[in-house]
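**Q** Fold the following.
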Amino acid sequence: MNVPTELQTRSQRDMSARSYDRVSSIYERLAVLFTGGQNLATRISQLEDMHPGQRVLYVGVGPGEEALEAASRGIKVTCVDLSPSMVETVRKRFESAGLPGEFVCADIMEYQPAQPFDVVVANFFLNVFSRPVMEKIMARLVSLVRPGGDFVVADFGAPRGNVFLRARHRLYYYLVIISHRLMGLCAFHPIYIYTDYYPKLGLTVQSTRHFRLFILGPGPWIFQTTRAVKDAAVPQAPQPSNRSAELHEAALHVGDA
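**A** Residues are numbered from 1 along each chain as shown. The predicted model follows:
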């Protein structure tokens, strides 16, 4: 397996941010069009495992519907995205709702919080990258979870069901990935099975929910959300550097007491 250089990794992240900036105003409509609303249902379902007062980091937050709902339930939300347009969109939503939150426009590989989070959420984010870059970013995200905390991912699941359903699943996935690749929104790759990486990252799966696509009748279980707990022995992220502290201080706050 090729190990990406830091320049290659950063290049993919920067390209993704620019592409999402261009589609930020229509991103939600695209999600509804491609998923029939199941993308959002998958993300909202994660709130069943969260509790008021928890510190939750949403990475690659996008428009932030699930983050907004989390904040309305008393969860302490931090949103990080490399796209300035996406960060501004979610910040305005929180402001309009009168809800507190922290909003940081930063590269997640450089972002250094003052302390690890109870929960780190990556929804339809890791699939933006090529496999080598995805592996580096996922390891980084896990390092931001406190010992005993949760790492939560919503994304495309592995094909399941009968032969017909699995064939429809793959067809749908590749239509989406090709169309998004043409818009510069992601790398081209097969469906990632993130749980294959969990043992070496010190993660233990606690629960998985599957969501079925309904277009012209019941379809395959395209999406899933998985919650895993981080082992106490896994190393934490390093303390903030001066550059990271600057990023943290530049974070936008809404509704702080």
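**Q** do you know how far F156 is from A41?
**A** Between F156 and A41 the computed distance is 14 Å (Cβ to Cβ, to the nearest Å). No exception for glycine: its C-beta is placed from N, CA and C like everyone else's.
**Q** Show me which of the two is the more surrounded one.
**A** F156 (20 against 16; other Cβ atoms under 10 Å).
**Q** didn't the more buried one look like it was pressed against I191?
**A** Yes. Using Cβ atoms under 8 Å, F156 is in contact with I191, at 5.1 Å.
**Q** quick one: common contacting residues for those two?
**A** Jointly contacting F156 and I191 under the rule Cβ atoms under 8 Å, 6 or more residues apart in numbering are Y173.
**Q** where does the stretch 151-257 of the chain have low pLDDT?
**A** Applying pLDDT under 70 to the stretch 151-257 of the chain flags residues 215-217, 234-257.
**Q** All the strands of it, residue numbers only.
**A** Counting by DSSP state E, counting those that start in this stretch, the stretch 151-257 of the chain has these strands, from start to end: 203-211, 223-230, 252-254.
**Q** can you give me the helices in the protein?
**A** Taking DSSP state H as the criterion, the chain carries its helices at 6-23, 27-35, 38-44, 65-72, 84-97, 131-143, 163-182, 198-201, 242-249.
**Q** Could you report the separation of the most centrally placed residue in the chain from F223?
**A** The chain has A122 as the residue nearest its centroid, 2.2 Å off, counting by Cα atoms, centre = their mean. Going from A122 to F223 by Cβ to Cβ gives 14 Å.
**Q** Find the residues that touch each one of the two.
**A** Counting by Cβ under 8 Å, 6+ apart, the residues touching both A122 and F223 are A154.
**Q** What about the residue nearest to Q224 when sequence neighbours are not counted, how many residues nearby?
**A** Closest residue to Q224 apart from its sequence neighbours, by Cβ to Cβ, 6 or more residues apart in numbering: G157 at 3.5 Å. Using other Cβ under 10 Å, G157 has 23 neighbouring residues.
**Q** OK, contacts around T195?
**A** T195 sits next to 205, 226, 228 when contact means Cβ under 8 Å, 6+ apart.
**Q** same thing but at 6 Å, please
**A** By Cβ atoms under 6 Å, 6 or more residues apart in numbering, T195 lies in contact with V205.
**Q** what do you get for A70?
**A** Contacts for A70 (Cβ under 6 Å, 6+ apart) come out as 47, 56, 77.
**Q** Neighbours of the second one, how many?
**A** Right, V56. Here the number of neighbours of V56 (other Cβ under 10 Å) works out to 25.
**Q** how close does it get to S179?
**A** Distance from V56 to S179, counting by Cβ to Cβ: 31 Å.
**Q** now the last one
**A** When distances are taken as Cβ to Cβ, V77 and S179 turn out to be 30 Å apart.
**Q** between those two, which one's more packed in?
**A** Using other Cβ under 10 Å, the more surrounded residue of V77 and S179 is V77, with 28 against 13.
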